[in-house]
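Colleague: got a sequence here, can you model it:
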Amino acid sequence: MRKNSFWLWTVSLVVYAFLYLPLIIVVIYSFNASKLNAEWVGFTLDWYRKLFNNHDMLEAAGNSLVIALIASAGSTVLGTMAGFAMHRYKLKALQILVLTPIAIPEILMGVSLLIFFVMLNLTLGLLSITLAHIAFCLGFVAIVVRSRLSGMDESLTEAARDCGATPWQAFRLVTLPLIMPGVIAGALMAFTLSIDDFVITFFTAGANASTLPLQIYSMIKIAVTPEVNAVSTLLMGVTLVLIVIASKLSPSALRT
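Modeller: Alright, predicted model coming up:
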């Protein structure tokens with residue numbers, strides 16, 4: 001038993017090191033005084049100062065923030081309705097329609113959305129990116145909301161209906177407050193997925209729209225500078241904070 005435990009811990013440490021050591025290196029080298037990432041020469045905050053004076057990077061970050069806010073709001077509303085419908089009606093076809101976008105590869109969804117927007121003669125830009133992100137994030141919100149609904153006491157809604165409440169009043173005054181932690185967790189998850197998405201954004205952005213992941217990609221074509229490490233560190237920090245908040249609000253939903 002002890003021998004098995006030793007090998008289990010060893011394999012686990014190797015796997016976690018493989019996953020998280022590159023991220024730790026990115027964070028450390030964002031404070032490196034050297035312009036190259038070959039060696040450590042000293043501590044500095046200059047790369048963060050240059051980052052906040054970079055107009056292209058700030059514009060791309062602003063675009064990402066606006067898209068993520070709108071996409072998370074839209075996908076939260078639609079995903080909440082979809083999750084409620086999946087919980088109420090148990091239709092296989094409905095579950096397939098809602099969950100397929102999160103099951104198929106992102107590159108396939110990006111290409112399909114690109115073809116769809118071209119067929120609609122929609123100019124690719126911030127609007128197309130936002131619509132694509134809503135379509136992608138909707139399923140994740142629906143899963144979180146459905147998980148929250150599955151743990152809710154249905155007798156509370158039935159009691160509200162027995163007291164004369166309409167279906168809408170029962171949902172607004174009873175069901176929605178009870179599932180609100182799941183709704184907020186789904187919104188935070190959608191925001192996180194949207195703000196750092198690259199593949200779908202790459203296919204639906206067009207020539208004139210830029211987001212933070214696309215801007216980082218254009219910068220690393222030349223070299224991975226400490227400025228790239230700095231923006232990656234900030235993006236990583238925002239993502240981790242949102243994931244922690246979402247897990248605190250609805251821990252069971254994120255395990256589903």
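Colleague: okay, now residue 97: neighbour count?
Modeller: Number of residues near residue 97 (other C-beta atoms under 10 Å) recorded here: 13. Quick note: C-beta positions are derived from backbone N, CA and C, even for glycine.
Colleague: elements contacting the helix or strand where residue 193 lies?
Modeller: Element membership of residue 193, judged by DSSP states H and E, is helix 176-195. Using 3 or more C-beta pairs under 8 Å, 6 or more residues apart in numbering; DSSP states H and E as the contact definition, the elements that helix 176-195 packs against are helix 55-89, helix 126-150, helix 226-249, helix 251-254.
Colleague: for it, give the mean pLDDT please.
Modeller: If you average the pLDDT over helix 176-195, you get 88.
Colleague: what's the angle between that helix and helix 226-249?
Modeller: Helix 176-195 runs at 160 degrees relative to helix 226-249, counting by axes from the mean of the first three to the mean of the last three C-alpha atoms, to 10 degrees.
Colleague: list the buried residues for helix 176-195?
Modeller: For helix 176-195, the buried set under the neighbour-count rule, 16 or more other C-beta atoms under 10 Å, comprises 179, 181-195.
Colleague: centre-most residue in the chain?
Modeller: By C-alpha atoms, centre = their mean, the mean C-alpha position of the chain lies nearest to residue 193, the distance being 1.4 Å.
Colleague: contact partners for it?
Modeller: Residue 193 sits next to 133, 136, 137, 140 when contact means C-beta atoms under 8 Å, 6 or more residues apart in numbering.
Colleague: can you add distance to residue 109 and pLDDT and give those back as JSON lines?
Modeller: Converted to JSON lines, the contacts of residue 193 look like this (distance: C-beta to C-beta, whole Å; pLDDT from 0 to 100):
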{"residue": "133", "distance to residue 109": "11", "pLDDT": "95"}
{"residue": "136", "distance to residue 109": "7", "pLDDT": "92"}
{"residue": "137", "distance to residue 109": "12", "pLDDT": "93"}
{"residue": "140", "distance to residue 109": "13", "pLDDT": "92"}
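Colleague: any idea which of the buried residues of helix 176-195 is closest to residue 14?
Modeller: Using C-beta to C-beta, residue 192 comes nearest to residue 14 of these, at 27.3 Å.
Colleague: pretty sure that closest one is touching residue 244, no?
Modeller: No. The pair residue 192 and residue 244 fails to qualify as a contact (C-beta atoms under 8 Å) at a distance of 10.6 Å.
Colleague: can you give me the end-to-end distance of stretch 191-202?
Modeller: Start-to-end span of stretch 191-202 (C-alpha to C-alpha, to the nearest Å) is 18 Å.
Colleague: now it, how far from the centre of its chain.
Modeller: Chain-centre distance of stretch 191-202: 7 Å, with C-alpha atoms, centre = their mean, to the nearest Å.
Colleague: pLDDT weak spots in this protein?
Modeller: Across the chain, the ranges flagged by pLDDT under 70 are 1-4, 37-38, 222-224, 246, 249-256.
Colleague: now with 80?
Modeller: In the predicted model, the chain carries pLDDT under 80 at residues 1-6, 34-40, 90-91, 151-158, 160-162, 164, 207, 219-226, 239, 242-256.
Colleague: what residues are up against residue 13?
Modeller: Residue 13 makes no contacts at all, as judged by C-beta under 8 Å, 6+ apart.
Colleague: which of the residues in the strand or helix carrying it are buried?
Modeller: Assigned by DSSP H and E, residue 13 falls within helix 2-29. The neighbour-count check on helix 2-29 (16+ other C-beta under 10 Å) flags 26, 29 as buried.
Colleague: give me the angle between that helix and helix 226-249.
Modeller: For helix 2-29 against helix 226-249, the angle by the same axes, to 10 degrees is 130 degrees.
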